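Trainee: could you work out the structure for the sequence below:
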Amino acid sequence: MHVIRAVTQNVWRFHGDWPARREVLRDGFARLDADLLALQEAFDDQPRDLVGPGYEIAHDAESGVAIASRWPIAATHAFESDTLVAEIEAPAGRLVFVNHAASYELDRELAREREAVAIARLVERLGPEHAILAGDLNATPDSAGVRFLLGLQSLDGMSVAYRDVWSSADPGHTFTPENPTMPTGETGSWALEPGRRIDYVLVRCSDHGPTLDTRSCERLFDEPVDGVWASDHFGVMAELSTHLPDGRPVP
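Mentor: Residues are numbered from 1 along each chain as shown. The predicted model follows:
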């Protein structure tokens, strides 16, 4: 049996009180002890600094997307959009891990749709045993791009199916006024934003369902530490397994 702990977290660049936020993020990541991390808005030396030793790092410094893996990264693929794809030699088998930071503007769903299709096409070409897509998709589950990824509609003559790990837990929004850094963020005002779920961990499906079982899913960094909020986004962590709870392998 193999268990994979996958995390996605938007780091929020160096905004706010970065030295204080850095400590919250570093301590949090150390406690999580994840196998795979997808970081967005992570620039300069932030990826290595935040996750510490013991990880291989793939980082697109221009877009700020980074992947940290406990296991060897055999190859990486970058897109013009803020996306990084890593082929990973995992104990569970050949695994593709996608970190996607989609276009954020509310009126750019067409761009998000095209990004989702391009990513899905690459994953299908690579043909991995397992594929996990994580990141800040900047869209709610009812958007066309996310519906496409979840197998609820086709786009551009293509269809795929990924399972949203959130469906096993539904822990709440990830970009929300619960987090006081969100409405008054330095990069623009979201004062009228009621809250959305826009950060995801998705597992690619075979013909009959996901290739990995979701053991747990939780929202990360959703409470302040000594008054310090880690980021303007809450993260997501999923614990995934190659076996069902009764010990049988995932079909």
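Trainee: for the stretch 51-200 of the chain, what spans make up the strands?
Mentor: 56-60, 65-69, 73-78, 82-90, 93-101, 130-136, 162-164, 199-204 (DSSP state E, counting those that start in this stretch).
Trainee: can you add mean neighbour count and give those strands back as TSV?
Mentor: In short, each C-beta sits where N, CA and C put it, glycine included. Putting the strands of the stretch 51-200 of the chain into TSV (neighbours: other CB atoms under 10 Å) gives the following:
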stretch	mean neighbour count
strand 56-60	19
strand 65-69	26
strand 73-78	14
strand 82-90	22
strand 93-101	24
strand 130-136	27
strand 162-164	22
strand 199-204	25
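Trainee: okay if I get the ones you listed as TSV plus mean pLDDT?
Mentor: TSV is the format used below for the strands of the stretch 51-200 of the chain (pLDDT from 0 to 100):
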stretch	mean pLDDT
strand 56-60	97
strand 65-69	98
strand 73-78	94
strand 82-90	97
strand 93-101	96
strand 130-136	98
strand 162-164	97
strand 199-204	97
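Trainee: including distance to residue 223, could the ones you listed go into TSV?
Mentor: Shown next, in TSV, are the strands of the stretch 51-200 of the chain (distance: least, CB to CB, whole Å):
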stretch	distance to residue 223
strand 56-60	27
strand 65-69	23
strand 73-78	32
strand 82-90	28
strand 93-101	24
strand 130-136	20
strand 162-164	24
strand 199-204	16
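Trainee: of all these, which one comes closest to residue 151?
Mentor: strand 162-164 (7.1 Å; CB to CB).
Trainee: so in that sheet, which strands flank the closest one, and in what orientation?
Mentor: strand 199-204 (antiparallel) (DSSP bridges).
Trainee: after the strand it pairs with comes which helix or strand?
Mentor: Going down the chain from strand 199-204, the next helix or strand is strand 213-220, by DSSP states H and E.
Trainee: check which residues of that next one are buried.
Mentor: 213-215, 217-220 (16 or more other CB atoms under 10 Å).
Trainee: list the neighbouring strands of that strand plus their orientation.
Mentor: Sheet pairing for strand 213-220, using DSSP bridges, gives strand 235-241 (antiparallel).
Trainee: can you pull the buried residues of the strand it pairs with?
Mentor: Within strand 235-241, the residues that count as buried by 16+ other CB under 10 Å are 235-241.
Trainee: likewise for stretch 158-168?
Mentor: Of the residues in stretch 158-168, 160-166 count as buried by neighbour count, 16+ other CB under 10 Å.
Trainee: rewinding a little: which one of the buried residues of strand 235-241 is nearest to residue 54?
Mentor: The closest of those, once distances to residue 54 are taken by CB to CB, is residue 237, at 17.2 Å.
Trainee: ranges for the helices of the protein?
Mentor: In the chain, the helices defined using DSSP state H lie at 18-32, 46-51, 109-126, 144-149.
Trainee: tally up the residues packed near the residue nearest to residue 137 when sequence neighbours are not counted, please.
Mentor: Using CB to CB, 6 or more residues apart in numbering and skipping residues adjacent in sequence, the residue nearest residue 137 is residue 102, 4.8 Å away. When neighbours are counted by other CB atoms under 10 Å, residue 102 registers 27.
Trainee: in this structure residue 102 contacts residue 136, no?
Mentor: Yes: assessed by CB atoms under 8 Å, residue 102 is found in contact with residue 136 at 6.8 Å.
Trainee: format the buried residues of strand 213-220 as JSON lines; extra columns: pLDDT.
Mentor: Output for the buried residues of strand 213-220, formatted as JSON lines (pLDDT from 0 to 100):
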{"residue": "213", "pLDDT": "95"}
{"residue": "214", "pLDDT": "95"}
{"residue": "215", "pLDDT": "94"}
{"residue": "217", "pLDDT": "94"}
{"residue": "218", "pLDDT": "93"}
{"residue": "219", "pLDDT": "94"}
{"residue": "220", "pLDDT": "96"}
